[in-house]
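*Asks:* the following comprises the amino acid sequence and a computationally predicted model.
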Amino acid sequence: MHNNTASVLITDGVHSELIESFESIGFNVNYQPDISYEETLAIISQYEGLIVNSKILVNRTFIDRATQLKFVGRLGSGMEIIDKTYAESKGIAIFNSPEGNRTAVAEHVFSMVLCLMNNICKANSEIRNFQWKREENRGNEISAKTFGIIGAGNTGESVIRRLQGWDCDIIVYDPYRNLDPNAYPNVVQVDSLKKLLNSSDIVSLHIPLNDETHYLVDKEFLQEMKSNAILINTSRGGVVKTSELILSLQENKIGGACLDVFENENQKNFSSKEKLFYKKLYNFENVILTPHVAGWTLESKEKLSKILFEKIKSFLSQK
């Protein structure tokens, strides 16, 4: 299948099955979940394989150092950390495993929006402070609402599939993918973003981060949303312009937000300006926040590893 001395470097925490699977086909595995970008750059020339999550930027500088590299596996979906075109021009195969955490992300979407619409975090905090407020915590139902989904790829479709029994209207915008109307007879796919924003009570983002989607959610986007609508972002932080989201929330232009991802996810490196505006974001009662864990379940950790390995194994068997 390949040279028995081939080595793979794993730079993030993975399920033990991935390590065992590589070893079972003759790879030497260097498992370094705490390795830094600089440390990885210094040793990458020794490896035929690389497994990353999100901290290692596989850019041109990195690829030029990776003189023996044959494949890169990305645990999850986001490919913005890998210069795929340049890697492939150097004969390096690129794999990801969005199928592995699409269920986790979809369930997280529902967890967050139900939490917000039913005041669960707020009520939980109040009860622990001996405050019994029933009327103030009267919730809203998803039933009979319009649920808008931007992006019908792996995670978007996973949300759509699970929405089927919720007795709500489902509308989808994705200029690159048409859903099978026979599979989803109650889903309306619209041909413009404006149509989706104008009619959705909930807007959920399931798109990659690239030049087209960077700051897609800006002032104009937010102005097109209904004044009581909820924005959910479990995709990438750079899709939302945080400063303009904060303004919309301050001016009650939208009803709330559920955010699992952020423009800057390293709180230790916040600039003084970032500290100020993230503090504003954190103070809104109508915002639910989680630390980029939508796809982060015990089950997805195993599935991500299994799916990624099978794709890489199939590639290696053809060499």
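*Replies:* That came through fine.

*Asks:* from now on I want contacts and neighbour counts done on CA atoms only, so please keep to that.
*Replies:* OK.

*Asks:* and Asn119, how far from Ser125?
*Replies:* Asn119 is 10 Å from Ser125, where distance means Cα to Cα, to the nearest Å.

*Asks:* of the two, who's got more company?
*Replies:* Neighbour count, other Cα atoms under 10 Å: between Asn119 and Ser125, Asn119 has more, with 19 against 11.

*Asks:* spatially nearest residue to that one (excluding sequence neighbours)?
*Replies:* Using Cα to Cα, 6 or more residues apart in numbering and skipping the chain neighbours, the partner closest in space to Asn119 is Asn137 (5.7 Å).

*Asks:* repeat for Lys145
*Replies:* Cys168 (5.2 Å).

*Asks:* doesn't Ile160 make contact with the one you found?
*Replies:* No - the pair Cys168 / Ile160 is not scored as a contact, 11.0 Å apart, by Cα atoms under 8 Å.

*Asks:* neighbour count: these two, which is higher?
*Replies:* Ile160 (20 against 17).

*Asks:* just say helix, strand or coil for the most centrally placed residue in the chain.
*Replies:* Centroid check for the chain by Cα atoms, centre = their mean gives Ser235 as the closest residue, at 3.4 Å. Remark: Ser235 carries the secondary structure label coil [criterion: DSSP: H, G, I helix; E, B strand; the rest coil].

*Asks:* heads up, I number from 39, so please use that
*Replies:* Right, with 39 as the first residue, what we last looked at is Ser273.

*Asks:* quick check: pLDDT value at it.
*Replies:* pLDDT, Ser273: 97.

*Asks:* got the contact list for it?
*Replies:* Leu243, His244, Ile245, Pro246, Leu247, Asp298, Val299 (Cα atoms under 8 Å, 6 or more residues apart in numbering).

*Asks:* roughly how far apart are it and Gly333?
*Replies:* Per Cα to Cα, Ser273 is found 10 Å from Gly333.

*Asks:* which parts of the stretch 239-357 of the chain are strands?
*Replies:* All strands of the stretch 239-357 of the chain, identified by DSSP state E, counting those that start in this stretch, fall at 240-243, 268-271, 294-297, 325-327.

*Asks:* mind putting these in CSV, mean neighbour count included?
*Replies:* Putting the strands of the stretch 239-357 of the chain into CSV (neighbours: other Cα atoms under 10 Å) gives the following:
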stretch, mean neighbour count
strand 240-243, 24
strand 268-271, 24
strand 294-297, 24
strand 325-327, 19
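
*Asks:* dump these to CSV, plus distance to Ala131.
*Replies:* Output for the strands of the stretch 239-357 of the chain, formatted as CSV (distance: least, Cα to Cα, whole Å):
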stretch, distance to Ala131
strand 240-243, 28
strand 268-271, 30
strand 294-297, 32
strand 325-327, 35
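
*Asks:* nearest to Gln169, of the ones you listed?
*Replies:* With respect to Gln169, and counting by Cα to Cα, the nearest of the strands of the stretch 239-357 of the chain is strand 325-327 at 20.5 Å.

*Asks:* what sits up against that closest one?
*Replies:* Met150, Cys153, Leu154, Gly294, Ala295, Cys296, Leu297, Asp298, Leu319, Tyr320.

*Asks:* now with 10 Å, please.
*Replies:* 150-151, 153-154, 157, 159-160, 268-271, 287, 293-300, 319-320 (Cα atoms under 10 Å, 6 or more residues apart in numbering).

*Asks:* who are the packing partners of the helix or strand hosting Thr141?
*Replies:* Here Thr141 sits within helix 140-155, counting by DSSP states H and E. Under the contact criterion of 3 or more Cα pairs under 10 Å, 6 or more residues apart in numbering; DSSP states H and E, helix 140-155 touches helix 158-166, helix 192-201, strand 240-243, strand 268-271, strand 294-297, strand 325-327, helix 336-355.
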